[in-house]
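# What follows is a predicted protein model with its sequence.
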Amino acid sequence: MSKHFFDRRAFLKAAGATLAVHPLTAAQAPPPNIVLILCDDLGYGDLGCYGSGIRTPNIDRLASEGTRFTQFYSANPVCSPSRAAWLTGRYPTRVGVPRVLFPQDKGGLDKSEQTIASLLKPRGYHTICIGKWHLGHTSGYLPTSRGFDEYFGIPYSNDMNPRPLMHNTSIIEPEATLETLTARYTEQAVKFIEASGGNPFFLYMPHTFPHIPLASSARFRGKSPLGDYGDVVEEIDWSVGQVMSTLKRRGLDKNTLVLFSSDNGPWYQGSPGLLRGRKGETYEGGVRVPFLARWTGRVRTGKTTRALAGSVDILPTLAHLAGASLPGKPVDGIDIWSLLSGEKESIDREVMLYFDNWNVQCARWKQWKLHFARYNNAAYNPAPPGGRINLPLAKPELYNLEADPNESYDVAAQNPDVVSRIAQRVETLVEGFPEEVRKAFAETKSRQVRPGAAGALPRPV
Ligand code: MG
């Protein structure tokens, strides 16, 4: 193993040391309120502050009053696994959610896993989940069994049937009216904040949109020059404005950390900006998402950072800020408070893995991204005869994401030592994953592809 990489023990020790040098937040300041707003399938290029023509003034204000990340990653290119990582700080393949969950699925996020909400509860937090859960909808898997005091929303995606609107564990509308959802979620959020009293709270607000089918209220329908998708995103922007104005009206915004992001890249509509790929792909467009953080006087104002960070970092960061214990199991993320506060410009970190289902397909280290496996078919296309197969690339591709964020120019031949270092580290890391990951990794490698042969396509069209 190269000296350039952290081994896991050193990495955890370093993470512990980071926690130890910031006792002030946990011990002396009151724990902050936390608002985490997560969109569904909102692309990297879908906000005004990321270059979109969609009008998002309230969200853009989070950027101008806080910090905007340009290299922030969801841990997976689809909905359920991504949410699993957001809430546990662990790769979804470790926590029982390697793929999207459907209404017929009986399971969900492993019951042995702790969530941000369950960690914050012992610190006196009131917790609520408003929106799309998608981590299991049968007994014991809904938010109220996973650390949330209250739940209001659709338990999975809006394109699935049935589509019930739930309050806690009860169905209050067998078929949710999509047009009213964003407004109703917002109404619930405002009500929750106003009722918070003196207790710290965690408001987790995973919006149903802009996941298709798109629907917005009459007030926004047909108003955006960018069509239905623009209407929906502009209504979410309105919702963010309502949450922020409620925090201000109640005098809470100075002790509230507000985070805004997306679970994965854009699907059939929406824009990944200049990134390659979309939802369901391990190209950057599938997994690099907008991420904004705002906390008056604490998070650096008006800052854009290129620091590498991801959704797995949120649990350890929030645990630090709230003085909460970390889960008993190792987390894959690191505390990024020093990036949010502006104390540091970057943090050395372990190689990041890009999974789709059980398959690890790419790895990121510093500015480098190595692609070494890919499906034989584009995401969401009808599976070819024999099903969709994960194939090793005949020659791994290396991209310098600082110089080439579009992943269009393979520099593996010029950097054989980087290719070798990342590949070796991936081999080591995979050993620490569940059997399904190790098995899928070995099976993929066993599918030999000759250079130039069909199968390892550079990009499905
Ligand atoms: Mg999604």
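Yep, that arrived.
# which residue does the stretch 1-150 of the chain bring closest to the ion?
In the stretch 1-150 of the chain, the residue that lies nearest the ion is Cys79 (3.6 Å; CB to the ion). Bear in mind the C-beta positions are built from the backbone N, C-alpha and C, glycine included.
# can you pull the pLDDT of that residue?
If you check Cys79, the pLDDT there is 97.
# Quick check: phi and psi on the nearest residue to Arg294 once chain neighbours are set aside?
With sequence-adjacent residues excluded and distances taken as CB to CB, 6 or more residues apart in numbering, Arg294 is closest to Gly66, at 3.2 Å. The phi/psi pair for Gly66 (degrees, to the nearest 10) reads phi -150, psi -150.
# hang on, isn't Gly66 packed against Arg298?
No. If you go by CB atoms under 8 Å, Gly66 and Arg298 don't touch, sitting 9.5 Å apart.
# how about the residues of the stretch 201-350 of the chain near the ion?
Asp263, Asn264 (CB under 5 Å from the ion).
# ok, now with 6 Å
The stretch 201-350 of the chain has residues His211, Asp263, Asn264 near the ion, with proximity defined as CB under 6 Å from the ion.
# can you tell me which helix or strand the last one belongs to?
Following DSSP states H and E, one finds Asn264 outside all helices and strands.
# Identify the residues contacting it.
By CB atoms under 8 Å, 6 or more residues apart in numbering, the contact set of Asn264 is Asp41, Ser74, Asn76, Pro77, Val78, Cys79, Ser82, Lys279, Gly280, Gly286, Val287, Val289.
# got the contact list for the first one?
The reference is to Asp41. So Asp41 contacts Cys79, Pro210, His211, Ile212, Ser262, Asp263, Asn264, Gly265, Pro266, Trp267, Gly270, Lys279 (CB under 8 Å, 6+ apart).
# Output the contacting helices and strands for the helix or strand hosting Pro316.
Per DSSP H and E: Pro316 is located in helix 314-322. Helices and strands touching helix 314-322, by 3 or more CB pairs under 8 Å, 6 or more residues apart in numbering; DSSP states H and E, are helix 23-27, strand 33-39, helix 79-88, helix 116-120, strand 256-262, helix 337-341.
# highest average neighbour count across those?
helix 79-88 (a mean of 29; mean count of other CB atoms under 10 Å).
# how big is the angle separating that one from helix 314-322?
Orientation of helix 79-88 against helix 314-322 (axes from the mean of the first three to the mean of the last three CA atoms, to 10 degrees) gives an angle of 30 degrees.
# elements contacting helix 79-88?
Helix 79-88 packs on strand 33-39, helix 116-120, helix 314-322, going by 3+ CB pairs under 8 Å, 6+ apart.
# Mean pLDDT added to these, as TSV?
Shown next, in TSV, are the helices and strands packed on helix 79-88 (pLDDT from 0 to 100):
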stretch	mean pLDDT
strand 33-39	98
helix 116-120	98
helix 314-322	98
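# right, so of these, which gets closest to Leu181?
Comparing the helices and strands packed on helix 79-88 against Leu181 with CB to CB, the closest turns out to be strand 33-39 (12.8 Å).
# That closest one: partners in the sheet, and parallel or antiparallel?
The pairing partners recorded for strand 33-39 under DSSP bridges are strand 201-206 (parallel), strand 256-262 (parallel).
# Make a markdown table from the residues of the stretch 201-350 of the chain next to the ion and add pLDDT to it.
A markdown table is the format used below for those (pLDDT from 0 to 100):
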| residue | pLDDT |
| --- | --- |
| His211 | 98 |
| Asp263 | 98 |
| Asn264 | 98 |
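# could you dump those to CSV with distance to Thr428?
As requested, those are arranged in CSV below (distance: CB to CB, whole Å):
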residue, distance to Thr428
His211, 36
Asp263, 29
Asn264, 27
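# Get me the contact residues on the stretch 1-150 of the chain for the ion.
Proximity of the stretch 1-150 of the chain to the ion (CB under 6 Å from the ion) is limited to residues Asp40, Asp41, Cys79.
# And the first one, how close does it get to His207?
If you measure Asp40 against His207 using CB to CB, to the nearest Å, the figure is 6 Å.
# same question, the last one
In this structure, Cys79 and His207 are separated by 12 Å, where distance is defined by CB to CB.
# Could you chop the chain up by domain?
What automatic domain parsing lists as the domains of the chain is 24-341, 352-446.
# and the last one, how far apart are its ends?
By that I understand domain 352-446. End-to-end span of domain 352-446 (CA to CA, to the nearest Å): 23 Å.
# Just the closest residue of the stretch 201-350 of the chain to the ion, please.
For the stretch 201-350 of the chain, CB to the ion, closest residue to the ion: Asp263, 4.1 Å.
# Tell me how far that residue lies from Gly241.
21 Å.
# Now for Cys79 and His207: what residues contact both?
Asp40, Lys132.
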